[in-house]
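J.: after the sequence you'll find the predicted model.
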Amino acid sequence: MKLKLDKKIYVICETGALGDTIATFPTLKILADKGHIEKLFVDERYTFLYDCIFPKSIMFPLSKAVTNIPKDKVTAEVPKHVIDPKTGDAAFLSYPCIPGLPIVQTMNPYGLMPIHAHLIDAFSAAICNAILKDSEKDTPFIPKKKLPTNKCPIDNYAVISFGATSEQRKMTVEAFDGIKKYLASKGLGIVLLGKSDHELKIGATGEMVMTKFDGLDDTGCCNMIDKTTIAESLSILHDAKCFIGVDGGLMHLAGMTDIPIVGGFTSVDPYYRIIYRHGERGWKFYPVEPTTKCRYCQTEAWCAFGVNFHVCHSKTFDCMNSLTADVWTAQIARALDAV
């Protein structure tokens, strides 16, 4: 029996970071392919990716779904949690799940992501895992013909992503140095990708600090940190021998190619983040997991809303520090064998 669904839905893609955004694509793509989405409001930072995957006829900028209230128009009836403490302005999503219920755009005075943004990511992953067939769970592949020309000045390279948007989600300097030596022994160059201007929410008051690359020796590397767009990064990834980095946006971006991925995990269990490609969970994916008892704290506390997982609450960084060069290179060797 084929159901005819007359009522279409509005979907507001209000995820925060690149990796979380890409993780919602399989579920959204099925909904779009089946004609269930009337309007898809997307974060303008990731317009390029959405344009490669979804029909332009259903896409609108996220700003079109937001009702902004200037400070001089904010009344006592406006809930305090939707008011920006810096400007006094308020922002509502214009298409809430429950009529009349304001849902705050990602704007929070405590430096924490609003509950509903967590739920969007979690439920999208849950729907994807529970309902879709394995062949439908794939991260969408974006072919090279849709990308700008690869302007990387070197050939025969691996891509390394050193930093991340959480203080415990990055590679240690010691691990990086060991990986660098190992790749050189295999005759491979290194291209560094990423951004140094990520704002991390650190401390009890949620103050913002910048990602640190202190101690990173990029001698002999092609350092393209802060020098590429998402489209350009994807083009560089397509031609790499493999991607190496901790779970983050670039790891999921690499999942839109066919290159081997060596992905490191700290606060999140890889079970929930390993990428589907070619209808297979973990196709050419080689996880690097902590060897310590203190690990996967974020996964173990899915419902602990209000906890800031951008920081290491134990202050030991055990999970991250256990990802030593030897642990990384063992999986890199497997990845290179698959090339």
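T.: Everything's here; your move. Numbers count the residues shown, from 1 in each chain.

J.: the closest residue in space to residue 171 that isn't next to it in sequence: how many residues sit nearby?
T.: Distances taken as CB to CB, 6 or more residues apart in numbering place residue 162 nearest to residue 171, at 5.2 Å, with adjacent residues excluded. Using the backbone N, CA and C atoms, a C-beta is placed for each residue, glycine as well. For residue 162, the count of nearby residues is 26 (other CB atoms under 10 Å).

J.: surely residue 162 touches residue 250?
T.: No: between residue 162 and residue 250 there is no contact under CB atoms under 8 Å: 10.0 Å.

J.: list the residues that are in contact with both of these two.
T.: Counting by CB atoms under 8 Å, 6 or more residues apart in numbering, the contacts common to residue 162 and residue 250 are residue 194.

J.: from residue 31, how far out is residue 152?
T.: Taking CB to CB, to the nearest Å as the measure, residue 152 falls 35 Å from residue 31.

J.: mean confidence (pLDDT) on stretch 241-249, please.
T.: Stretch 241-249 shows a mean pLDDT of 95.

J.: nope, stretch 136-155 is what I was after
T.: Taken as a whole, stretch 136-155 has a mean pLDDT of 94.

J.: any weak-confidence spans in this structure?
T.: The model of the chain has pLDDT under 70 over residues 1-7, 14-16, 81, 93-129, 164-165, 197-214, 302-306.

J.: how's it carved up into domains?
T.: According to automatic domain parsing, the chain comprises the domains 9-136, 144-337.

J.: buried deepest among those domains, which one?
T.: Of all these, domain 144-337 carries the top mean neighbour count, a mean of 18, counting by mean count of other CB atoms under 10 Å.

J.: spit out the contact partners of the closest residue to residue 61 other than its chain neighbours.
T.: In this structure, residue 61 finds its nearest non-sequential neighbour in residue 44, 5.3 Å apart by CB to CB, 6+ apart. Residues near residue 44 by CB under 8 Å, 6+ apart: 61, 62, 63.

J.: can you classify the last one by secondary structure?
T.: So the one you mean is residue 63. At residue 63, secondary structure determined by DSSP: H, G, I helix; E, B strand; the rest coil is helix.

J.: contacting residues around it?
T.: Residue 63 is in contact with residue 44, counting by CB under 8 Å, 6+ apart.

J.: which strand or helix spans residue 331?
T.: Here residue 331, judged by DSSP states H and E, is contained in helix 325-337.

J.: element containing the nearest residue to residue 325 once chain neighbours are set aside?
T.: Closest residue to residue 325 apart from its sequence neighbours, by CB to CB, 6+ apart: residue 178 at 2.3 Å. Element membership for residue 178 (DSSP H and E) is helix 173-185.

J.: packing partners for that helix?
T.: Contacts defined by 3 or more CB pairs under 8 Å, 6 or more residues apart in numbering; DSSP states H and E place helix 173-185 against strand 157-161, strand 189-192, helix 325-337.

J.: alpha carbons of it, as CSV, please.
T.: The C-alpha coordinates for helix 173-185 follow below in CSV (Å, rounded to 0.1, in the frame of the first residue of the first chain):
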residue,chain,number,x,y,z
VAL,A,173,51.7,17.6,19.7
GLU,A,174,53.6,14.4,20.5
ALA,A,175,51.2,12.3,18.4
PHE,A,176,51.4,14.7,15.5
ASP,A,177,55.2,14.6,15.5
GLY,A,178,55.1,10.8,15.5
ILE,A,179,52.6,10.7,12.7
LYS,A,180,54.6,13.2,10.7
LYS,A,181,57.7,11.0,10.9
TYR,A,182,55.7,7.9,10.0
LEU,A,183,54.2,9.5,6.9
ALA,A,184,57.6,10.8,5.8
SER,A,185,58.9,7.2,6.0
